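K.L.:
The sequence isn't on hand, but the structure is:
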């Protein structure tokens, strides 16, 4: 991690894609992503981010892809994800998300696919979400 964390990214407001998979990004670093208003894809698998860190993403109007697999994210993060109206493909593989959490995503009209492999979402939870979002491909 560079000295000063991710503050240097604020100098690149036109970035469209970032891959931090397995990088030691923390919630504190996430605040620097807020200014990347053109960001469309963010890959953060196996990063030590938490529910609170995802609050910094709600103001990214073009974010379509969010991969947060194998992170400590739980249902509390869904409060933030449901505010990202442009979200099309979140990957929640091996997170602590449950039926209650994914239910909050039912209002995302741009959603195209949702990856729930290894989560705590039940068959019933998937069925309810599929009824609310019939065009979404849900991988479990």
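P.N.:
Yep, that arrived. For clarity, every value in this text was computed on a predicted model and none was experimentally measured. Numbering: from 1, shown residues only.
K.L.:
how far does stretch 54-67 stretch from start to finish?
P.N.:
One end of stretch 54-67 sits 12 Å from the other (C-alpha to C-alpha, to the nearest Å).
K.L.:
Just the buried positions in it, please.
P.N.:
Neighbour counts over stretch 54-67 (16 or more other C-beta atoms under 10 Å) mark 54-58, 60, 63-67 as buried. C-beta: built from backbone N, CA, C; applies to glycine.
K.L.:
If we only consider the residues you listed, which is nearest to residue 28?
P.N.:
residue 56 (9.8 Å; C-beta to C-beta).
K.L.:
so which helix or strand takes in the closest residue to that closest one other than its chain neighbours?
P.N.:
Leaving aside its sequence neighbours, residue 56 sits nearest to residue 30 (C-beta to C-beta, 6 or more residues apart in numbering; 4.1 Å). Taking DSSP states H and E as the criterion, residue 30 maps to helix 27-30.
K.L.:
what separates that helix from the chain centre, distance-wise?
P.N.:
14 Å (C-alpha atoms, centre = their mean, to the nearest Å).
K.L.:
picking that back up, roughly how far apart are the residue nearest to residue 56 and residue 91?
P.N.:
17 Å (C-beta to C-beta, to the nearest Å).
K.L.:
Equivalent analysis for residue 104, please.
P.N.:
Distance, residue 104 to residue 91, using C-beta to C-beta: 17 Å.
K.L.:
who's more crowded, the two?
P.N.:
Counted by other C-beta atoms under 10 Å, residue 104 and residue 91 do not tie: residue 91 has more neighbours, with 21 against 18.
K.L.:
So that one sits against residue 73, correct?
P.N.:
No: between residue 91 and residue 73 there is no contact under C-beta atoms under 8 Å: 10.7 Å.
K.L.:
can you list residues touching both of these two?
P.N.:
By C-beta atoms under 8 Å, 6 or more residues apart in numbering, residue 91 and residue 73 have no common neighbours.
K.L.:
returning to that earlier point: name the helices or strands packed onto the helix or strand just after the helix holding residue 30?
P.N.:
Downstream of helix 27-30, the next assigned helix or strand under DSSP H and E is strand 41-43. Using 3 or more C-beta pairs under 8 Å, 6 or more residues apart in numbering; DSSP states H and E, the elements in contact with strand 41-43 are strand 17-19, strand 65-67.
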